[in-house]
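Colleague: coordinates only, sequence not included:
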C-alpha cells in the first residue's frame, strides 16, 4: 500500500525544491538624485541582514544544545481560499527519539509518528495500518513528518537550508506566541517566488514558521507550551500501534544484533554466500552448502519477533514451500532475535512447517543483516542472485526465476 502525501509533508517537498540554484536578486534601477539615500538604505539593509544572520546562527546553536523538548503544535494551511488546521503534540529527545501526534478535521489527517533508537513508525488510524522503517541515528528522518520545528530540533542545518536559498534576509515585526515575544526573520527571494518567515523565541529556539508559495498557498505553524525537561520517560517512546493494526507494504524493522555485523556489500547479489550450520533442515544436513547439494536454490529469509511484517510473510512462505520442493528448492527462515524453543512455539501456534533456524543472530551478523524481513535467493553454485528488504511476493518470483525456478501462476 502506497502512502498518500499528507498535507503535513509539504515542508519536506519545499526542502527538496530548495536544492535548486537560488534566483539571482534583481537590483532596482537608481533614481536620479537619490544616490546618497540609496547608499544609506543599502547600508541599513546590510546591517539588518547581519543581525538576522547572527540570530539564525544563535538559533541553530540553541537547537544543538537542547536535549529534550515537549510542546503543543498547530499548523494552518491556506490553499486556494480553503483553510485546513492540524493540531497535536511533540515529545522529542536526542539523538532520535520522538512521539508526534497530529489530528485534523478529516480522519486521514490524524497521524502518529514514533521514533525510537531503531525504528520509525507512521501510524494511520483511518486506515488501521502503519509503516515501519529503520530510524536514522541522528534523527534526520523526522523531516519526513513535515514538522519543521521538530526537524530543526534534531537537525539544525534545516535552518541553514532555508537561509542559503534566500536572496534577502531581514528582521521583521515582532510577534507574540503563547504570551512570549518572538523575533520574526524574513527570508525572501527563494526559488519559486517563495517567502519564509522564521519565528525565534527568547530562548533562541525555533517557535514557528510561515511559508508563502505563490499566490495560492500559505502554511503557518507554531509550537506553544514549550518545555525543555531534563529527560522524557523512555516509556513514552515505547508506544506501539494498537492491536489488530496491520503493517503496510514495504514495512521493515531494525534490531540490535549482539554480534559484529559484516559489511552487507560482502553478501550483495553476485557474491558467494557464506556457509553456516543448519539445525532445522533434517538429519544429515550440517550446513547451507550441504543443503545446496540437494537443492537447486535456497530462499534465505531473515525474520524477527516483534516484526509484524515478518509475522505476515512467514505463513506465505510456508504455503509456498511445497511448490518449491517440487522444483528441488527450499526455504530457511532465520530468526535474528529468538531462541529455538521460542521459534518452535511460534511454529506450533501458527501451524508452520517451515524450517525455522534459531537462534540466528550470528547468521544475521555473518550476512550483515540488522533489519527484517530481509530475503536472499541463493542458487545451486552458492551464488547470491538477489537480496532485498521488505518482503514482496513479486520480487521473490523474479529472484527465483533468476535461479532457474519458475513458479506456476497458481502458486501461493
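Modeller: Done, it's in. Quick caveat, the model's predicted, so the values are computed rather than measured.
Colleague: and residue 75, what element?
Modeller: Taking DSSP states H and E as the criterion, residue 75 maps to strand 68-79.
Colleague: Ok, residue 54 next?
Modeller: Per DSSP H and E, residue 54 falls inside helix 35-65.
Colleague: Where do the helices of the protein begin and end?
Modeller: Ranges of helices within the chain are 10-17, 35-65, 148-154, 157-165, 288-292, 308-326, 340-350, 361-366, 393-402, based on DSSP state H.
Colleague: Quick one: closest of those to residue 81.
Modeller: For these, proximity to residue 81 was assessed by Cβ to Cβ; helix 10-17 is nearest, at 17.0 Å. From N, CA and C alone the C-beta is placed, and that goes for glycine too.
Colleague: Excluding sequence neighbours, find me the nearest residue to residue 353.
Modeller: Nearest non-adjacent residue to residue 353, counting by Cβ to Cβ, 6 or more residues apart in numbering: residue 318, 6.2 Å away.
Colleague: Which pLDDT value does the model give the one you found?
Modeller: In this prediction, residue 318 carries a pLDDT score of 95.
Colleague: before we move on, what about residue 160?
Modeller: For residue 160, the pLDDT comes out at 95.
Colleague: now swap in residue 26 and tell me
Modeller: Model confidence at residue 26, expressed as pLDDT, equals 42.
Colleague: Could you pull up the contacting residues of residue 391?
Modeller: The contact partners of residue 391, taken as Cβ atoms under 8 Å, 6 or more residues apart in numbering, are 249-250, 309, 312-313, 373, 375.
Colleague: Recalculate using a threshold of 10 Å.
Modeller: Residue 391 sits next to 247, 249-252, 301, 303, 309-310, 312-313, 316-317, 372-375 when contact means Cβ atoms under 10 Å, 6 or more residues apart in numbering.
Colleague: Of these, keep whichever come out buried.
Modeller: Buried residues within these, counting neighbours by 16 or more other Cβ atoms under 10 Å: 247, 250-252, 301, 303, 309-310, 313, 317, 372-375.
Colleague: Can you tell me which of these is closest to residue 274?
Modeller: For those, the residue nearest residue 274 by Cβ to Cβ is residue 374; the value is 14.6 Å.
Colleague: With the flanking residues excluded, which residue is spatially nearest to the closest one?
Modeller: In space, and not counting its chain neighbours, residue 374 is closest to residue 302: 4.5 Å by Cβ to Cβ, 6+ apart.
Colleague: confidence score at the one you found?
Modeller: The per-residue confidence score, pLDDT, reads 97 for residue 302.
Colleague: What of residue 191?
Modeller: Per-residue confidence for residue 191 comes out at a pLDDT of 85.
Colleague: Residue 147: neighbour count?
Modeller: Burial measure for residue 147: 28 neighbouring residues, criterion other Cβ atoms under 10 Å.
Colleague: Now the phi/psi pair for it, please.
Modeller: phi -90, psi 100 (degrees, to the nearest 10).
Colleague: For it, give me the pLDDT.
Modeller: pLDDT, the model's per-residue confidence, is 96 for residue 147.
Colleague: Please apply the same query to the one 5 residues further on.
Modeller: Reading off the confidence values, residue 152 has pLDDT 97.
Colleague: Cross-check the contact I'm expecting between it and residue 199.
Modeller: No. Using Cβ atoms under 10 Å as the test, residue 152 is too far from residue 199 to be in contact (11.6 Å).
Colleague: just to revisit the earlier point, out of the helices of the chain, deepest packed?
Modeller: helix 148-154 (a mean of 26; mean count of other Cβ atoms under 10 Å).
Colleague: How far does that helix sit from its chain's centre?
Modeller: Here the centre of helix 148-154 is set off from its chain's centre by 14 Å, with Cα atoms, centre = their mean, to the nearest Å.
Colleague: Also stretch 208-224?
Modeller: Relative to its chain's centre, stretch 208-224 lies at 23 Å (Cα atoms, centre = their mean).
Colleague: ok, back up a step: now for residue 152 and residue 199: what residues contact both?
Modeller: Common contact partners of residue 152 and residue 199 (Cβ under 10 Å, 6+ apart): 205-206, 209.
Colleague: Nearest to residue 108 among those?
Modeller: residue 209 (23.2 Å).
Colleague: can you tell me how far the closest residue to the closest one other than its chain neighbours sits from residue 328?
Modeller: Residue nearest to residue 209 in three dimensions, not counting chain neighbours: residue 148, with 5.0 Å by Cβ to Cβ, 6+ apart. According to Cβ to Cβ, to the nearest Å, residue 148 and residue 328 sit 56 Å apart.
Colleague: for residue 404, same thing?
Modeller: The gap separating residue 404 from residue 328 is 10 Å, by Cβ to Cβ.
Colleague: same deal with residue 380?
Modeller: The gap separating residue 380 from residue 328 is 9 Å, by Cβ to Cβ.
Colleague: The two - which one has more neighbours?
Modeller: In this view residue 380 and residue 328 are compared by other Cβ under 10 Å, and residue 380 has more residues nearby, 16 against 13.
Colleague: Neighbours of the nearest residue to that one once chain neighbours are set aside, how many?
Modeller: Nearest-residue entry for residue 380: residue 296, 5.1 Å, with adjacent residues in sequence omitted and distances by Cβ to Cβ, 6+ apart. Residue 296 has 16 neighbouring residues, counting by other Cβ under 10 Å.
Colleague: what about residue 296, distance to residue 402?
Modeller: Between residue 296 and residue 402 the computed distance is 12 Å (Cβ to Cβ).
Colleague: now do residue 246
Modeller: Taking Cβ to Cβ as the measure, residue 246 falls 30 Å from residue 402.
Colleague: any idea how far residue 113 is from the residue nearest the centre of the chain?
Modeller: Centroid-nearest residue in the chain, with Cα atoms, centre = their mean: residue 141, separated by 4.4 Å. Going from residue 141 to residue 113 by Cβ to Cβ gives 9 Å.
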